[in-house]
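Below is the sequence, then the predicted model.
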Amino acid sequence: DIPNNTGIVVKESTGLYENCEIYKTLFAGIAVLETSNAHVIRCKIHHISYGNGIDIRENCTGIYENCEIFNIKHEGIWVGANSNPQVIGCKIHDIPESSGIMLDDNAMGTYKDCYFYNVKDTINKVVGAKINLPAMWVLAAITIGGKLAGPIGMLLGVPVAASAYALLKEATDKREKSLL
């Protein structure tokens, strides 16, 4: 359930939200719920007291393009399990205590040409903790994999990066121990 103090709630529907400004809400700027498919284009979402800029709950899709999201208490964009949004060209900034984009376990999506600054992590995946891969490595793996081999490269990039990271970490740890 999303509390009443949310800018826009899209529930079991499709909607186009273009050139809007959502600010000073208590909870999410935009909440996308229950298999909805929202198209959010060139919107500015900022100064959210508690909650996420865009909260894409489980099993939702949509296009989130050229939005600016800043001064949010929690994540710029939260992507729930089994959701598959396209996030393209968004500027996410001034969220120093949280992630620009947080992916729940089993979340999918396309994240392309986004710009992040002054955020704790750019893209963080709940599963990232399970594979001990820093968010920056996840972002690099998705970006490089996508450039090299498209969507399949994006999927394969994270396991390849996790393996490379584990080997690098192991080699670095051995080297540090040998120096002691």
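Perfect, thanks for sending it.

Look up the residues forming beta bridges with E65.
Under DSSP bridges, the beta-bridge partners of E65 are I41, I88.

mind listing what it touches?
H39, V40, I41, R42, Q86, V87, I88, G89, C90 (CB atoms under 8 Å, 6 or more residues apart in numbering). All C-beta spots, glycine's among them, are computed from the backbone N, C-alpha and C.

nearest to R175, of those?
Nearest to R175 among the contacts of E65, counting by CB to CB, is V87 at 38.2 Å.

Would you confirm that the closest one contacts Y111?
Yes: using CB atoms under 8 Å, V87 is in contact with Y111, at 4.9 Å.

Comparing these two, which residue is more hemmed in?
Comparing V87 with Y111 by other CB atoms under 10 Å, the one with more neighbours is V87, at 26 against 23.

State the distance from the more buried one to D173.
Using CB to CB, to the nearest Å, one gets 35 Å for the distance from V87 to D173.

what about Y115, how many neighbours?
12.

do F27 as well
Other residues lying near F27 total 20 when counted by other CB under 10 Å.

Stretch 76-96: which residues count as buried?
Buried positions in stretch 76-96, judged by neighbour count with 16 or more other CB atoms under 10 Å: 76-80, 83, 85, 87-88, 90-93, 95.

mind showing which ranges of the protein have poor pLDDT?
The model of the chain has pLDDT under 70 over residues 1-4, 124-133, 135.

Would you map the strands across it?
For the chain, applying DSSP state E gives strands covering 8-11, 14-18, 21-23, 30-33, 37-41, 44-48, 54-56, 61-65, 68-72, 77-79, 84-88, 91-103, 110-112, 115-125.

Lovely, talk soon.
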